[in-house]
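Undergrad: Provided below are the primary sequence and the corresponding predicted coordinates.
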Amino acid sequence: MTRETRGHTITVEPSGEHVRVVRGGQVLADSRRPLVLRETGCPPRYYLPPEDVRLDLLTPSGTHTHCPFKGDASYWSLPDAPDLVWAYPEPKPDVAAIKDHLCFYDTEVV
């Protein structure tokens, strides 16, 4: 899906890439079914299904942010990495595919 608003474009597509998130030698996520979100002015971001993320290692944080194009994000942390991962529980309709998928700042495509 592609959405353009005032020169700002967002696309969300399934990706066949293998995405892994490792921090401190521990695998936090491993997915072969990520969604890739491309947004004007931002690097591509991989949104991973919650079943592919070690949610048991993450703690919800009190941080919430608002994006006029995607909606309101909630964040999760590790003890040594605040707000390491985020998700959009109720994304805007144009990016509905990312609902409840999690995104990390640093990912590795393998």
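TA: Nice, thanks for sending it over. Residues are numbered from 1 along each chain as shown.
Undergrad: for the chain, where's the lowest mean pLDDT among helices and strands?
TA: Sorting the helices and strands of the chain by mean pLDDT, DSSP states H and E puts strand 2-5 at the bottom, at a mean of 56.
Undergrad: Name the residues that touch the helix or strand that that strand is followed by?
TA: In the C-terminal direction, the helix or strand that comes right after strand 2-5 (DSSP states H and E) is strand 8-14. Strand 8-14 has contacts (Cβ atoms under 8 Å, 6 or more residues apart in numbering) with 1-3, 33-41, 47, 69-70, 94-95, 97-98. Backbone N, C-alpha and C define where each C-beta goes, glycine included.
Undergrad: pLDDT averaged over strand 8-14, what's the number?
TA: For strand 8-14, mean pLDDT is 94.
Undergrad: In its sheet, which strands sit next to it, and in what direction?
TA: Strand 8-14 has its sheet partners listed here by DSSP bridges as strand 2-5 (antiparallel), strand 35-39 (antiparallel).
Undergrad: how about it: buried residues?
TA: Residues 10-12 are the ones in strand 8-14 that count as buried (16 or more other Cβ atoms under 10 Å).
Undergrad: give me the low-pLDDT residue ranges for the chain?
TA: Applying pLDDT under 70 to the chain flags residues 1-6, 110.
Undergrad: now do 80
TA: 1-7, 106-110 (pLDDT under 80).
Undergrad: the strands in it, which residues?
TA: Taking DSSP state E as the test, the strands found in the chain are 2-5, 8-14, 19-23, 26-31, 35-39, 45-48, 59-67, 71-78, 81-87, 102-104, 108-109.
Undergrad: Please work out which residues outside the longest one touch it.
TA: The list of residues contacting strand 59-67 from outside it, by Cβ under 8 Å, 6+ apart, reads 72-79, 82-83, 86.
Undergrad: Repeat that for the last one.
TA: Contact partners of strand 108-109, identified using Cβ under 8 Å, 6+ apart, comprise 17-22, 46.
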